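Chemist: sharing a model that was predicted from the sequence below.
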Amino acid sequence: NAGVTQTPKFRILKIGQSMTLQCTQDMNHNYMYWYRQDPGMGLKLIYYSVGAGITDKGEVPNGYNVSRSTTEDFPLRLELAAPSQTSVYFCASSYSKGGAGDTQYFGPGTRLTVL
Amino acid sequence: GEDVEQSLFLSVREGDSSVINCTYTDSSSTYLYWYKQEPGAGLQLLTYIFSNMDMKQDQRLTVLLNKKDKHLSLRIADTQTGDSAIYFCAAADGGNTGKLIFGQGTTLQVKP
């Protein structure tokens, strides 16, 4: 199993540009998550999904959109990039809710800079 | 909602024990987790503990949970330079979403 994979690893955007961060997992996990990690800070939840076709907002959803058309993929879309979106973005997945199924497995991250 | 707090920095000498502390607010959190993040990498699960346990030991790692005080700690015995990393405490939010609430991370510096 590759686990959770993310592309690209690095990206520089100009203000106002758009892009999609890709996330794929091959563990047949139902739950998927997008976080951002700002320097010296913990992780903030942007969006999450409890299954294909179902998504919901986390703590910091403004400026982002997601979709979940398949179990495996959970892309994060940035529209009209702003410098405040400069961050490292992590995708994670977990098997289920409750119990040890809450254990989340993380991708390697995408480092995004908006200039 | 749940809030998770950690101290930001800990420095120890190689061979000493390290203790990283964490407090949380939501007593309904069923599982609590410790993740490790090495520079430029994603988060790696180290261990977790169920809320009805007081202690869990896994090789050099010992997790202590004081549910009354909502206090969690991670002890690393015989700390090595390879243990230098950021350690995150996380609590399951008790809802039906599988969400985890993370602390801000403790940077562990191990001096040779």
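Modeler: In hand now; what should we look at?
Chemist: show me what contacts the closest residue to B:V12 other than its chain neighbours?
Modeler: In this structure, B:V12 finds its nearest non-sequential neighbour in B:S18, 4.9 Å apart by Cβ to Cβ, 6 or more residues apart in numbering or on different chains. Using the backbone N, CA and C atoms, a C-beta is placed for each residue, glycine as well. B:S18 makes contact with B:L10, B:V12, B:L74, B:R75, B:I76, B:T79, B:D83, B:L108, B:V110 under the criterion Cβ atoms under 8 Å, 6 or more residues apart in numbering or on different chains.
Chemist: would you verify that the third one is located in a strand?
Modeler: Right, the one you point to is B:L74. Yes: under DSSP: H, G, I helix; E, B strand; the rest coil, B:L74 falls within a strand.
Chemist: which pLDDT value goes with it?
Modeler: As predicted, B:L74 sits at a pLDDT of 98.
Chemist: same deal with A:H29?
Modeler: 92.
Chemist: same check, this time on B:F50
Modeler: The model's pLDDT for B:F50 equals 88.
Chemist: state the distance from the residue nearest to B:V12 to B:F88.
Modeler: 15 Å (Cβ to Cβ, to the nearest Å).
Chemist: then A:N62?
Modeler: Taken as Cβ to Cβ, the span from A:N62 to B:F88 is 24 Å.
Chemist: what lies in contact with the helix or strand of chain B with the lowest mean pLDDT?
Modeler: Least confident helix or strand of chain B, by mean pLDDT, DSSP states H and E, is strand B:100-102 with a mean of 88. Residues outside strand B:100-102 that contact it (Cβ under 8 Å, 6+ apart): A:35, A:42-43, A:102, A:104, B:1-4, B:24, B:26, B:33, B:35, B:88-93.
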